[in-house]
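K.L.:
Structure of the sequence below:
(2 chains)
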Amino acid sequence: MKLITTLSGYPELQEIDAIWSGYDEPLAAKGAELAANAASSLKIEADAGPEAFQPYLDAVGLILLHLPVFTDGRPYSLAAMLRQHYRYAGEIRVFGDVRREQLDHLHRCGITSFVLNQDEDAASALGQIGYFSKWYQPNISA
Amino acid sequence: MYQYNEDDRLFLQQRCEQFRDQTTRFLAGTLPAEEFQQLRLRNGLYIQRLAPMLRIAIPYGLVSAGQLRALAGITRDFDKGYAHFTTRQNIQLNWPKLEAMPDLLSRLAEVDMHAIQTSGSCIRNITSDQFAGVAADEVADPRPWAELLRQWSTLHPEFNWLPRKFKIALTGAASDRAAIAVHDIGLRLQSDADGLYFEVWVGGGLGRTPLIGVCINPHLEPKHLITYLTAILRVYNQFGRRDNKYKARIKILVKAMGKIDFEAAVNAAWQALKDGPETIPEGSIEPLQSHFSRPNYLTLNPAPSSRTIATDQPFERWRAQNVLPHQQPGYAAVHISLKRKGIAPGDVSDRDLEALADLAERYSFGEARVTHEQNIVLADVEQTKLPELFQALGQHNLDRANRGLATDMICCPGGDYCSLANAKSIPVAAAIEETFQDPEAERLLGPLTINISGCMNACGHHHVANIGILGVDKKGQEFYQLSVGGEPGDQARIGRILGPSVARAEIQWVVQRLTQCYQQHRDDAETFNQTLDRVGIETFKSAAYEGLTS
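P.N.:
Below is the predicted model:
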């Protein structure tokens, strides 16, 4: 599991190969964009529908999920679906309004690296993961 | 009832420590207020009109005598010596201090209680039939399944940040006492030749847009319960509206997509989960069922059932009204009314809580149940001990014989406490109460539901009452809108608005004229709604507004 403390400290974020956003965008346009770029990483907005990018997941090794605001639950389900439904095994990284109180839950939904909100302290944030000794649900990341 | 194991206790302890740390950081100014708000809500803490309010979960309404005593002590040590039972089988404290919250939650944890997810946009307390396990009309006991869902929904990592709150109710009886049709998910445990199954209802709810749910799966094998509910929540989490909190409940999504498309989306999501790791393995519900095994009933002869009721005898009247049949011969379920003159509906003092604990221990195997109508049930009372129990209840002003009658009003805390309220509720209940001075007249009026909400969030379930009362703000004045013909349960339906709203001073007289109109027009044993349907709303409307000028 990786923890990336700030956006600027991680150059990959500036070099995203394809950006998909919006559930209703035509699939063909998105697919074409991805193919042309021979993408290896993919940035997904919270309102994306995962079935749109499913055919290309084999070519992707890093998925960046956007958490627009810490109260938005959609990236949790997107990550869980990428793991459970689409059997995506590569890295899933979350960025945006990522706060320490969210980390444990995000991780349990299958997210493996985190770009923290600027204000967060990296060490105490990382300490949140695995805070609870027992859970009532299986761990998707495990 | 469910007994916590070491893992449950450790989990709760860690949750308490986590909240202590969050509170400390907030008070030190290092945790932003908007973030702490969300975290405290998920631990049951609101900031209300006058003080914080803590909502404590009573999972599917089951509470032990020890827990009732602990609650009594907590109301004394952390509050003003009283508490309020809600319409979702929770109990609320009105005056706790934020600084004391971590200690309060630790005190609750000592008796295996918590306030987790009693507020916030997450899965709320699981509710069920208050007569689960003893009801004479029960198909199967829903409590093991309710406990399974309590565990599954507790800090579910995927569903802690839903578009809006999410309420699940279950029933396992022929007659629905859990109001499943007005919940985000309603589950009805049924049985056929192949065994048990669930009927799954989705998209019901009250509030601003009252809707009756739709059945999207008439036959779900119990082993799929968790995976199927995960699929529903996943569709909702993904597609429920987040741009407008008034349109964010799952009922709006179900309505927008339509039943068929919503069902298809759930089935598509379910395919990835069905038969997966969260399928309930054969034999794994039995350990949970053992927590709800039948108590050590004595072999008793049932008391004769068909007796003439001497209504001039207080005990007989109470017995006829508040005592219900039981699965076990010689036993009865006893309804204890918390709708008492001069006391806000659903309110109890620390002494009441201790009295209830004592009575639960003495007469009902040390357990009590909380009903969504804001009353208490002792579920396992020997019939021969009923007179004794009635006398004991009388010593604590807990012997009122008004179950299901006009004064058994559901009423939210309203403008006296709640910062969402547009108008007060408690004084309205008190004013209506005043018009029912004669218990015999109330008994002759028969079953009638009068529910009061102080705002359109509808915590008082006014939409599903025969007479529903909704507080509205009219240029700074408290007014009340009336609806008639609502009903929870099997024939669930939303009441129709009667006409213009009326001032507080008029409301009890309008209600009185509505009940008089019903009595005047009813045929034989017709219910309020049957009479209303037959004679039409206009008759009731003209009766209600007679003599009113505004």
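K.L.:
Now do the lowest-mean-pLDDT helix or strand in chain B: which elements does it pack against?
P.N.:
Across the helices and strands of chain B, the lowest-confidence element by mean pLDDT, DSSP states H and E is strand B:45-47, at a mean of 90. Contact here means 3 or more CB pairs under 8 Å, 6 or more residues apart in numbering or on different chains; DSSP states H and E; on that basis strand B:45-47 packs against strand B:52-57. Every residue, glycine included, has its C-beta placed from N, CA and C.
K.L.:
Tell me the strands beside the helix or strand following the strand it packs on, with direction?
P.N.:
Counting by DSSP states H and E, the next helix or strand C-terminal to strand B:52-57 is strand B:62-64. Strand B:62-64 has the following sheet partners, assigned by DSSP bridges: strand B:367-370 (antiparallel).
K.L.:
which helices and strands sit right next to the helix or strand that the partner strand is followed by?
P.N.:
With elements assigned by DSSP H and E, the helix or strand that comes after strand B:367-370 is strand B:376-382. Applying 3+ CB pairs under 8 Å, 6+ apart, we find strand B:376-382 packed against strand B:331-336, helix B:350-363, strand B:367-370.
K.L.:
change it to 10 Å
P.N.:
Judged by 3 or more CB pairs under 10 Å, 6 or more residues apart in numbering or on different chains; DSSP states H and E, strand B:376-382 is in contact with strand B:323-324, strand B:331-336, helix B:350-363, strand B:367-370, helix B:386-395.
K.L.:
So what does whichever residue of the stretch 251-400 of chain B sits closest to chain A have for phi and psi?
P.N.:
Here the residue of the stretch 251-400 of chain B nearest chain A is residue B:272; by CB to the nearest CB that distance is 3.6 Å. Main-chain torsions, residue B:272, degrees, to the nearest 10: phi -80, psi -20.
K.L.:
so it touches residue A:81, yeah?
P.N.:
Yes: contact criterion CB atoms under 10 Å: residue B:272 and residue A:81 qualify, at 7.0 Å.
K.L.:
anything in contact with each of these two?
P.N.:
residue B:234 (CB atoms under 10 Å, 6 or more residues apart in numbering or on different chains).
K.L.:
Which residue of those two possesses the greater neighbour count?
P.N.:
residue A:81 (24 against 18; other CB atoms under 10 Å in any protein chain shown).
K.L.:
what about the host helix or strand of the more buried one, distance to the chain center?
P.N.:
Using DSSP H and E, residue A:81 sits within helix A:74-84. Distance of helix A:74-84 from the chain centroid (CA atoms, centre = their mean, to the nearest Å) equals 8 Å.
K.L.:
Show me which residues of it are buried.
P.N.:
Of all the residues in helix A:74-84, those buried under the rule 16 or more other CB atoms under 10 Å in any protein chain shown are A:74-84.
K.L.:
Show me which of those is closest to residue B:236.
P.N.:
The closest of these to residue B:236 turns out to be residue A:77 (CB to CB; 9.1 Å).
K.L.:
Any idea how many residues pack against residue B:531?
P.N.:
Counted with other CB under 10 Å, residue B:531 comes out at 20.
K.L.:
Using the three-state scheme, assign it.
P.N.:
helix (DSSP: H, G, I helix; E, B strand; the rest coil).
K.L.:
With residue A:104 instead?
P.N.:
Per three-state DSSP, the secondary structure class of residue A:104 is helix.
K.L.:
Surely it and residue A:129 touch.
P.N.:
Yes: using CB under 10 Å, residue A:104 is in contact with residue A:129, at 5.4 Å.
K.L.:
Name the residues of stretch B:223-241 that are buried.
P.N.:
By neighbour count on 16+ other CB under 10 Å, the buried set for stretch B:223-241 is B:223-240.
K.L.:
Then stretch A:57-71?
P.N.:
Under the neighbour-count criterion of 16+ other CB under 10 Å, stretch A:57-71 has A:57, A:60, A:62-67, A:70-71 buried.
K.L.:
ends of that stretch, how far apart?
P.N.:
One end of stretch A:57-71 sits 27 Å from the other (CA to CA, to the nearest Å).
K.L.:
That stretch near chain B at all?
P.N.:
Yes: Stretch A:57-71 lies within reach of chain B by CB under 10 Å from any CB of the partner chain, at A:67-71.
K.L.:
want to try a markdown table for those residues, with pLDDT and secondary structure as columns?
P.N.:
Below are those laid out as a markdown table (pLDDT from 0 to 100; DSSP: H, G, I helix; E, B strand; the rest coil):
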| residue | pLDDT | secondary structure |
| --- | --- | --- |
| A:67 | 94 | strand |
| A:68 | 94 | coil |
| A:69 | 96 | coil |
| A:70 | 96 | coil |
| A:71 | 97 | coil |
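K.L.:
Can you tell me which of those residues is closest to chain B?
P.N.:
Nearest to chain B out of those is residue A:71 (CB to the nearest CB; 5.5 Å).
K.L.:
Which residue comes closest to the closest one once chain neighbours are left out?
P.N.:
Among residues not flanking residue A:71 along the chain, residue B:161 sits closest, at 5.5 Å (CB to CB, 6 or more residues apart in numbering or on different chains).
K.L.:
which residues touch the one you found?
P.N.:
A:67, A:69-77, A:102, A:105, B:38, B:42, B:120-122, B:237, B:242.
K.L.:
wait, is residue B:482 part of a strand?
P.N.:
Yes: checked against three-state DSSP, residue B:482 lies within a strand.
K.L.:
pLDDT score assigned to the closest residue to it other than its chain neighbours?
P.N.:
Nearest non-adjacent residue to residue B:482, counting by CB to CB, 6+ apart: residue B:498, 4.3 Å away. Note on residue B:498: pLDDT of 96.
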